[in-house]
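Trainee: Turn this into a structure:
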Amino acid sequence: MATAAKKQTAKKVPRKASKKRAKRKLPKSATFVRQPQVPNFSEAAIYIADLCARESWIGNSYINGKPLKGSLNFAVTVLGAEPRLEEFISHVSDEGFLIVYATGLMNLAGIPDVNFKVPGSSITYENLDALIVAAELDSAVNTKRNITDIAQGINFLKNDCVQRYRDWSRTHNQVPQGNIARDLVKALSKELTIFDNNKYLGNQPALASRLLNFGFPELCVYNFSQPIQKGLKLNSKPDSGLDDYYELLDDGYRRNWNVLSKFSMPPSQAMSQVVWQRANNAGWWQRRVYDFALKLYFSESGMNYFPNFSPKVQENLFVKARAFP
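Mentor: The predicted model follows:
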């Protein structure tokens, strides 16, 4: 009986709650404090950006070395002793985008000696969609498909922008137009959005700048990028923001030109040599390398980006020695 009484009066001891093991946090890569201004890049930084640009030129991701998704469709008549029709269908690449957009628009502008003639048009929905996918603009701020008017934008690009470029190419040696690139980006970014109730419903500076960059390589067009805009702490309003964006990037481009000019544009067997030469003479490749340097410097992740390079870029960076002054 005593034993039974003890059992009744004994207090139940609560079980100790098992401690959950805290999730192990992955160590962050060391990073550095970035100033809200375009730096004077080291030659090593420009060398890295040049490696990335060369991957993009042939259509590979500089992060994993794999070919970029998508394809380009562009048929041209190659003029010569015997004109022949050729069709370029390949995975997307910077070289391909220059062929598609610059060749097509230079033909429309009547640039002489371009030995490729376009039977139809290279500025198509399919090729524009390939550019959006390759540049990862689907998720970019202000590149929203629900307010995008592609037909209106393409029409403006092939008519108004071509006319401005034609006039510029004929007169810029006598009458410089220093702001033509910035002004065209501002105008096209509006035309790429739906116009309703006497106003544009948005703006598309990221898409507009890339179309103009590949379409008119002679103009000093800088690709608009949100990480760069945020890194420079600029106003997000399209008009005033783009004005400041171009002013700061122009200044940085001039300061970094001595280093950028050491890196030359890759040759091209598929591109009209007139297009290639005009792009090369105008510093298109140096601006592309500059664009990569800025994006790497103002990376949104704030992480050290070296472990994310493709094997090819890592080999060039860490194994193949290169001396810098």
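
Trainee: Which parts of the stretch 101-250 of the chain are strands?
Mentor: Counting by DSSP state E, counting those that start in this stretch, the stretch 101-250 of the chain has strands at residues 116-117, 195-196, 199-200.

Trainee: for the ones you listed, which one sits closest to Ala135?
Mentor: Comparison of the strands of the stretch 101-250 of the chain against Ala135 by C-beta to C-beta identifies strand 199-200 as nearest, at 21.5 Å. The C-beta positions use only the backbone N, C-alpha and C, and glycine is treated the same way.

Trainee: That closest one - which strands sit beside it in the sheet, and in what orientation?
Mentor: With DSSP bridges as the test, strand 199-200 is paired with strand 195-196 (antiparallel).

Trainee: How far off centre is the strand it pairs with?
Mentor: From the chain centre to the centre of strand 195-196 is a distance of 27 Å (C-alpha atoms, centre = their mean, to the nearest Å).

Trainee: circling back: highest mean neighbour count out of the strands of the stretch 101-250 of the chain?
Mentor: Of all these, strand 116-117 has the most neighbours on average by mean count of other C-beta atoms under 10 Å, namely a mean of 18.

Trainee: For Gln269, find the nearest of the strands of the stretch 101-250 of the chain.
Mentor: Nearest of the strands of the stretch 101-250 of the chain (C-beta to C-beta): strand 116-117, 12.9 Å.

Trainee: Spatially, what comes nearest to Lys312 if we skip its sequence neighbours?
Mentor: Using C-beta to C-beta, 6 or more residues apart in numbering and skipping the chain neighbours, the partner closest in space to Lys312 is Gly65 (5.4 Å).

Trainee: Name the SS class of that neighbour, please.
Mentor: Three-state call for Gly65 (DSSP: H, G, I helix; E, B strand; the rest coil): coil.

Trainee: just to revisit the earlier point, now tabulate the strands of the stretch 101-250 of the chain in a markdown table and tack on distance to Val92 and mean pLDDT.
Mentor: Compiled in a markdown table, these are given as follows (distance: least, C-beta to C-beta, whole Å; pLDDT from 0 to 100):
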| stretch | distance to Val92 | mean pLDDT |
| --- | --- | --- |
| strand 116-117 | 19 | 68 |
| strand 195-196 | 30 | 84 |
| strand 199-200 | 28 | 84 |
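
Trainee: For Gly104, which of the ones you listed is the nearest?
Mentor: Proximity to Gly104 (C-beta to C-beta) singles out strand 116-117 among the strands of the stretch 101-250 of the chain, at 9.1 Å.
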